[in-house]
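Show me the folded form of this:
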Amino acid sequence: MPSLLEIPPDKLARLIGTPKSPALIDVRIDEDFNADPRLVPGSVRRDYREVQLWRDELYGRSAVVICHRGKKLSYGVAAWLRQAGVSADVLEGGFESWAKAGHPAVPASSLPERDGQGRTVWVTRTRPKIDRIACPWLIRRFVDPNAVFLFVSPSEVETVAERFNATPFDIDAPVRWSHRGEHCTFDVMVQEFGLATEPLLRLATIVRAADTARLDLAPQAPGLLAASLGLSRMYADDNEQLEAGLPLYDAFYRWCRDATDETHNWPSPKKGA
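I've put the predicted structure just below:
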């Protein structure tokens, strides 16, 4: 049974991917990390020896600290965070228990280089509709909650990527993060980020259907297409549209995870009818 300062892997797994997910801090030493160079989705590596330098960035937030086995290292970091006003828990059993439970983990090799502020930076074409909103949602919720997205003219994506050390995605060029055959960029990211869970694969089918005009693949696809096109008409600023679109994918994800068997009707049937 976990202590009051621990959170079990299964409980944390229910929070990851939602807007209420805590900040996830991986403080494994290099030796332990190199033995299994994967990350709990959405977590960021930090040096436990420098906790007093970065802890204030988390002030007023909740956090979960992850070490190898959930022992003294994560307990010590969590104590320092709580001392600074951060509501901090420890992942019960550490990353080792997370992996043993079969929860998804993001390969460190799949992550782009981070900028000076520790963020991944991405660039794509302006005026997003579906894939270019779905992919940032996936990255923000499961890969890097602080990721930055740049929207530029299609002809400038590759140059901006080079000059600003940004990772291009969803463009008509031979880059890692783009369509592959019948799969859209969201499909590719779900697979390569190690996130092929049943809910995200279900969502990927809906995104692919709406993004590639194959609405017969999923009955939810026409709704996603309509909402996405509506958002694109509501916002002239791509960054504002992205922020408005994130809750849309939050809702679709929660349906894919928790509500696929639920129906709704009105008026509700009367008792005994």
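
going forward, measure contacts between C-alpha atoms and count neighbours the same way
Will do.

Give the rounded mean pLDDT of the helix or strand encompassing residue 96.
Element membership of residue 96 [criterion: DSSP states H and E] is helix 94-100. Helix 94-100 shows an average pLDDT of 98 in the prediction.

and what of stretch 189-197?
The predicted model assigns stretch 189-197 a mean pLDDT of 98.

Tell me the spacing between the residue nearest to residue 55 when sequence neighbours are not counted and residue 95.
Excluding the flanking residues, the one nearest residue 55 by Cα to Cα, 6 or more residues apart in numbering is residue 81, at 5.9 Å. Separation of residue 81 from residue 95 (Cα to Cα, to the nearest Å) stands at 19 Å.

same question, residue 266
46 Å.

swap in residue 204?
27 Å.

next one: residue 241
Per Cα to Cα, residue 241 is found 35 Å from residue 95.

Could you do residue 120 as well?
22 Å.

Show me which of residue 241 and residue 95 is the more surrounded one.
Neighbours per residue, other Cα atoms under 10 Å: of residue 241 and residue 95, the larger number sits with residue 95, 26 against 20.

if we can go back for a sec, surely the residue nearest to residue 55 meets residue 88?
Yes - with contact defined as Cα atoms under 8 Å, residue 81 counts as touching residue 88 (6.3 Å).

So for the two, which sits in the more crowded spot?
Higher neighbour count among residue 81 and residue 88: residue 88, with 29 against 24, using other Cα under 10 Å.

quick one: contacts for that one?
Contacts for residue 88 (Cα atoms under 8 Å, 6 or more residues apart in numbering) come out as 5, 62, 63, 64, 65, 78, 79, 81, 82.

Show me what the second one bridges to in the sheet.
According to DSSP bridges, the residues that bridge with residue 62 are residue 87.

and it, how many neighbours?
Neighbours around residue 62, by other Cα under 10 Å: 18.

From residue 96, how far out is it?
The separation that residue 62 has from residue 96, given Cα to Cα, amounts to 22 Å.

for the fifth one, same thing?
Between residue 65 and residue 96 the distance is 13 Å, computed by Cα to Cα.

Tell me which of those two has more neighbours.
Neighbours were counted for residue 65 and for residue 96 using other Cα under 10 Å; residue 65 has more, 33 against 17.

does that one belong to a helix or a strand, and which?
Using DSSP H and E, residue 65 maps to strand 62-66.

What's the first helix or strand after that strand?
By DSSP H and E, the next helix or strand past strand 62-66 is helix 72-83.

Please work out which residues outside the longest helix seen in the chain touch it.
The residue-count maximum for a helix in the chain (DSSP state H) belongs to helix 238-254. Helix 238-254 has contacts (Cα under 8 Å, 6+ apart) with 17-19, 126-128, 133-134, 136-137, 149, 151, 199-200, 203, 228, 231-232, 234-235.

give me the low-pLDDT residue ranges for the stretch 101-250 of the chain?
Counting by pLDDT under 70, the stretch 101-250 of the chain shows no low-confidence range.
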